[in-house]
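J.: following is a predicted model, sequence given first.
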Amino acid sequence: MLRSLDPYTEFEARDEAQQLTEGIQGRYGGVGLVIAGATPKDIARMQKGAPTAPSQPQQPPPAAGSKILPKDAIEDSSQLEDGDMSTSSGIISSFDEDDDEDDDQTLQSRQEEKRAIAKARERGIRVVSAFEGYAFDYGMRVGDKLVAVDDLTITQDTSVEDVRNVLRGEPGTMVTIKFDRIGVDGVQEITMPRRIVQLRDVKLATFVGDPKDGIGYISLSGFASNAGNEVRQAILGLERAAEDISNGEHSLKGLVLDLRGNPGGLLTSAVDVASLLVPKDSDIVSARGRGFPGVTYRSRVDPILDPSTKLTVLVNRGTASAAEIVSGAVQDLDVGVIVGNDRTFGKGLVQNVEDLPFNTALKFTVAKYYTPSGRCIQGINYREGGGLKEDEGRFQSSKVAERDRQTFYTKAGRIVKDGGGVEADYKVAAPQASALEVTLLRSDVLSEFAAQWSKNNVLAKNFEVTDKVYKEFQDFVEKKRQAGDIKLDSIYSGPLADLKRALKESGYKGSEKEVDMLQANIVREVKSDFEKYKDDIKEDISNSILARYLPESMILQRGLKTDKQVAAAVKLIRNEKTFNKVLAKGSSNERIDETGRLNLASADAKETSTTNRGSLQVKW
C-alpha cells in the first residue's frame, strides 16, 4: 500500500530505522569507521547462481561533488552512510531467474557477476572512511583490511553487519581491532575506546584566497540535529580568525556556503541554519498539508553573520530538501546570491517519522513547504496509485511543466518561480565528468591502484601525480580490463546488451555484428579520455592516494584549489558592483552569469586561473 503514495513514504525495518534515527540525531556509540564488503545476500545469490551486479563501494574523491555526474553514478559514489557500518554492494537483478534458455550474453554477464562477488569476498571487509577525532586519530586508514574485532575473527563468511555490531557498543568500553595494511608487514593491532561519535555536518570551515581578504568557506553536508550549532561555531570561528589576521581592521568580508550535494535532513535544523543568515523576524519557511496544521517558522534572533558580509550559496542538482529551505530563504529575502549550474533538486515535501513496535518505523509525507515568497519548489507531482496489478499500484508521477510554474517575488522585487527547485542567480557551469571518470569512480580501481602505489612508494611532502604515475595507472586499468575486472563501456553495456538480445530474437544477425563493432568503438573512444581528461583523472588518483594518509578535511581543502565554482563565487564576492547587480530589483528576469552578461539561460565558466588560496583552517 505504501508504494501507492509517493517515493518518500516507506516502512523502515530495524536496521534502516536505526540508521534513520542516527542520521537525525547525528551521533551513535562506536569508534568512527565506515566499512564495506560483500553482504550475506550477495554471497547467497552467488552460491545459487542468481544474477547480481555488485559494485564495490569506494570513497569517492571529495572534489567529485562539484562535478555533474549521471544520477546512478552519484548514487554509487556518494551515498555512503556514516558510522561503523556496512556499505552494501547495491544488488540489481538483471535477468529472470526462471529463464530456461540462457543466451551467451546472459551467461557471460552471470560469470562476470560471480567473479565480482568472489573478488569481493576475497577482498574481505575494509575501511572506507575513518573519522577525524575518532578511528583516524588512533591510526586506522582507508583501505585497511579488518582481521579481527575483539573475539570476532573475520573470515570470508563474516558479514559486515556482524563486524559493525561488535565495533559499536557502550561508550567508554574498549575495543581491539586487528587489521592488515598493504605495504606494512604483519597484522597491526590497536585498542581504542568506544565513544559517542558525532557525525559532523560541517565538513570544512576555512578561508579561500588570501586569508587577509577575509573570505570564508563552509562545507555543509547535511542537516542533522546539531547542524545549526555547527554552522554557528564555524561562522564565529571564521569571524574571529578574520579579525586576528587583519589586526582588528575587519571581520569576515565574504562567505561561501557550499550546499552542493547536500541531501537535506531536519526541517528544524534548516530553520536553525537560516536564522544565522537572515534578518530577525523574517519568515523562513511554512508548511501546509491535508490534515496537517499549518505552521510558519520565523527567525527570532539577530543573524550571526554580519549583514555587511557578502554571502554566496553554492548549489547543484544534488542540493535537496532542507538545503533548499536554506537556499530558498536566502534567495527570497535577498540576503545572498545563489551560485550554481542551474537548479536544485526540487523536493518540497515534509516527512514525519513514527516509531513502530520491534524497533521499526514509518516515514510518511505530511505536508509541502513554502519559501518566504510563498512558492513551493517541489518539482514532481505525485498522485496516488491504485489497482490490483503491481504496475497499477505504484504512485503516479509527473514533472511540473515549465508553463505551469508560477511567478513570485523576492523581498527586493526580483522574480522567482515555483516548481523545479531553486534556480541559481549567478550561473557557473560545473565540470562535466567523462564516461571514463564515471566508470573509474563506480569501480574499485582507484582504491586498488592507491593501495598498490602505497605499497611501493612513500608519500612526499609536495605529492603530485606525475606523468610516470599516470602511465602506471593506465597500465593498471588495462590489465584490469583484460582480466575482466572492469568494463570501460560499463555505462553503455546494459542498453547495448538489451539491444543485442532484441536483435537476436528478431533474427537480425548482421545488426548484431554492428552492435559488437559499436561496442569496440566505444571502448576505443573511452580510452581516449585518458588523455582528454588527464587532469581530472590525475586529481581522482591523487585524492584516492591521499585518502590513505590524510583526514577528509585536508583533502576537501586541497580540492578547493581546482574548484571553478568556488573560484567564481569568490570572484563575485570581490566584485561589489556585480554582486549588487545580481541582487538588484529586476535582475532575475534574466539570470546573470559569471561574466556579468544577461539574457543567458546558462553560461560556461570562463575562470581558468585560480588564486593562491590560504591554508588557514579554522578549528573550534
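T.: Nice, thanks for sending it over.

J.: Ala36 and Glu161: what is the separation?
T.: 12 Å (CB to CB, to the nearest Å). (Each C-beta comes from the backbone N, C-alpha and C, glycine too.)

J.: who's more crowded, the two?
T.: Ala36 (26 against 13; other CB atoms under 10 Å).

J.: for the more buried one, grab phi and psi.
T.: phi -140, psi 150 (degrees, to the nearest 10).

J.: so what's it scoring on pLDDT?
T.: Ala36 carries a pLDDT value of 88.

J.: so it touches Arg126, yeah?
T.: Yes. Contact criterion CB atoms under 8 Å: Ala36 and Arg126 qualify, at 6.1 Å.

J.: mind listing the strands for the stretch 51-200 of the chain?
T.: 85-87, 126-130, 145-149, 152-153, 174-180, 188-193, 195-198 (DSSP state E, counting those that start in this stretch).

J.: okay, the ones you listed in CSV with distance to Leu459, mean neighbour count and mean pLDDT next?
T.: What follows is the strands of the stretch 51-200 of the chain, written out as CSV (distance: least, CB to CB, whole Å; neighbours: other CB atoms under 10 Å; pLDDT from 0 to 100):
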stretch, distance to Leu459, mean neighbour count, mean pLDDT
strand 85-87, 26, 23, 44
strand 126-130, 16, 23, 93
strand 145-149, 20, 20, 96
strand 152-153, 32, 12, 95
strand 174-180, 19, 17, 96
strand 188-193, 18, 14, 96
strand 195-198, 27, 17, 93
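
J.: tell me, how many residues neighbour the closest residue to Phe476 other than its chain neighbours?
T.: Of all residues not flanking Phe476 in the chain, Phe449 sits nearest, at 5.1 Å (CB to CB, 6 or more residues apart in numbering). If you count neighbours by other CB under 10 Å, Phe449 ends up with 21.

J.: sec struct for Phe449, please.
T.: Three-state assignment for Phe449 (DSSP: H, G, I helix; E, B strand; the rest coil): helix.

J.: doesn't Phe473 make contact with it?
T.: Yes. With contacts counted by CB under 8 Å, Phe449 reaches Phe473, the gap being 5.5 Å.

J.: show me whatever sits in contact with both of the two.
T.: Ile541 (CB atoms under 8 Å, 6 or more residues apart in numbering).

J.: which of the helices or strands spans Tyr217?
T.: strand 215-220 (DSSP states H and E).

J.: neighbouring contacts of stretch 292-308?
T.: If you take CB under 8 Å, 6+ apart as the criterion, stretch 292-308 is touched by 232, 235-236, 239, 251-252, 255, 267-268, 271, 274-288, 311, 335, 366-367.

J.: just the buried residues of those.
T.: 232, 235-236, 239, 251-252, 255, 267, 271, 274-278, 282-287, 311, 335, 367 (16 or more other CB atoms under 10 Å).

J.: got the phi/psi numbers for Phe223?
T.: phi -140, psi 70.

J.: so what pLDDT did it get?
T.: For Phe223, pLDDT reads 95.

J.: do Lys389 as well
T.: 62.

J.: kindly report the same for Asp516.
T.: At Asp516, pLDDT is 84.

J.: before we move on, what about Gly289?
T.: At Gly289, the pLDDT value in this model is 88.

J.: got the contact list for the residue nearest to it when sequence neighbours are not counted?
T.: Spatial nearest neighbour of Gly289, chain neighbours left out: Ala367 (3.0 Å); criterion: CB to CB, 6+ apart. By CB under 8 Å, 6+ apart, the contact set of Ala367 is 287-289, 292, 349-350.
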